[in-house]
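Asker: okay, predicted coordinates and the sequence, questions at the end:
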There are 2 protein chains.
Amino acid sequence: MKTLILPSIAEMNLTSICAALGDPIRMKIVQCLADSGEKNCSGFEVEHISKSTLSHHIKILRESGLIQPRFQGKEHFYSLRTADLESRFPGLIHLLLREKPESFVLPE
Amino acid sequence: MKTLILPSIAEMNLTSICAALGDPIRMKIVQCLADSGEKNCSGFEVEHISKSTLSHHIKILRESGLIQPRFQGKEHFYSLRTADLESRFPGLIHLLLREKPESFVLPE
DNA sequence: TTGATAGTTCGAAATTTTTCGAATTATAAA
DNA sequence: TTTATAATTCGAAAAATTTCGAACTATCAA
């Protein structure tokens, strides 16, 4: 079993999070997850990009604290760390929603 | 008189804004302005950086839509485009405040 | 056990960003 | 007019990021 490195809430840093979001591919992945929850790599709405490049972007998102993986068989399912992000940077998640923001309920 | 290029509210783009904020020097400038309003270059809390480098960072912040200049004599005073940013990305400004966020009143 | 699938890691090339000093513009003050 | 100050622009060098294919790990299914 592999150990995964995720920053704690206290370790999250706004500059790193912005740097992670400052790339169009990564922004798209994050907005895709913000809109519709958990997805594996093939569910991200990105095209014309090799799988190693996609892995690289996923790593940056994970290390910034934006996303977390869940391993199920061969697949890695990713989701936004909604509650953690909301507690550390209130309002951030809301900013990332593309549509129907009124349908999104923030965590308690 | 020089014409300055500022993106309109509609032209503002979240990815570009995040990219602009994803650098520690630029984040510091923006948080400095968010905390205390208008400042010229010498008022930014950045050190060990040449003036041409500082100009480069200011340009990126301006072109992303985060800041606007006001020319007075030799000096260029910069401020956050608070109202414009709040109308385009509600909550963004609040995220950038380092201290005393409760004392900050968002524009109408 | 073999083969297929999902994804990561490695190393190198391509591209972009950051940085600087020198030259330049614009204003103000002597 | 000359000098000083505030800041930008211009190249070019240095540093960081993005990208890819190949090799690898792990799981599942035949």
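Answerer: Yes, it's here.
Asker: what's the separation between the spatially most central residue of chain A and residue B:18?
Answerer: Taking CA atoms, centre = their mean, the centroid of chain A lies closest to residue A:67, which sits 3.3 Å from it. Distance, residue A:67 to residue B:18, using CB to CB, to the nearest Å: 15 Å. The C-beta positions use only the backbone N, C-alpha and C, and glycine is treated the same way.
Asker: and residue A:36, by the same measure?
Answerer: The value you get for residue A:36 to residue B:18, if CB to CB is used, is 21 Å.
Asker: what about these two, which has more around it?
Answerer: Using other CB atoms under 10 Å in any protein chain shown as the criterion, residue A:36 and residue B:18 rank with residue B:18 on top: 23 against 10.
Asker: wait, a strand at that one?
Answerer: No. The assignment for residue B:18, made by DSSP: H, G, I helix; E, B strand; the rest coil, is helix rather than a strand.
Asker: where's it relative to residue A:30, distance?
Answerer: For residue B:18, the distance to residue A:30 - CB to CB - is 10 Å.
Asker: shared neighbours, these two?
Answerer: residue A:21 (CB atoms under 8 Å, 6 or more residues apart in numbering or on different chains).
Asker: what is the neighbour count of residue A:35?
Answerer: 17.
Asker: now it: which helix or strand?
Answerer: Counting by DSSP states H and E, the element that carries residue A:35 is helix A:24-36.
Asker: packing partners of that helix?
Answerer: Applying 3 or more CB pairs under 8 Å, 6 or more residues apart in numbering or on different chains; DSSP states H and E, we find helix A:24-36 packed against helix A:14-21, helix A:51-64, strand A:67-72, strand A:75-80, helix A:92-96, helix B:14-21.
Asker: cheers, nothing more for now.
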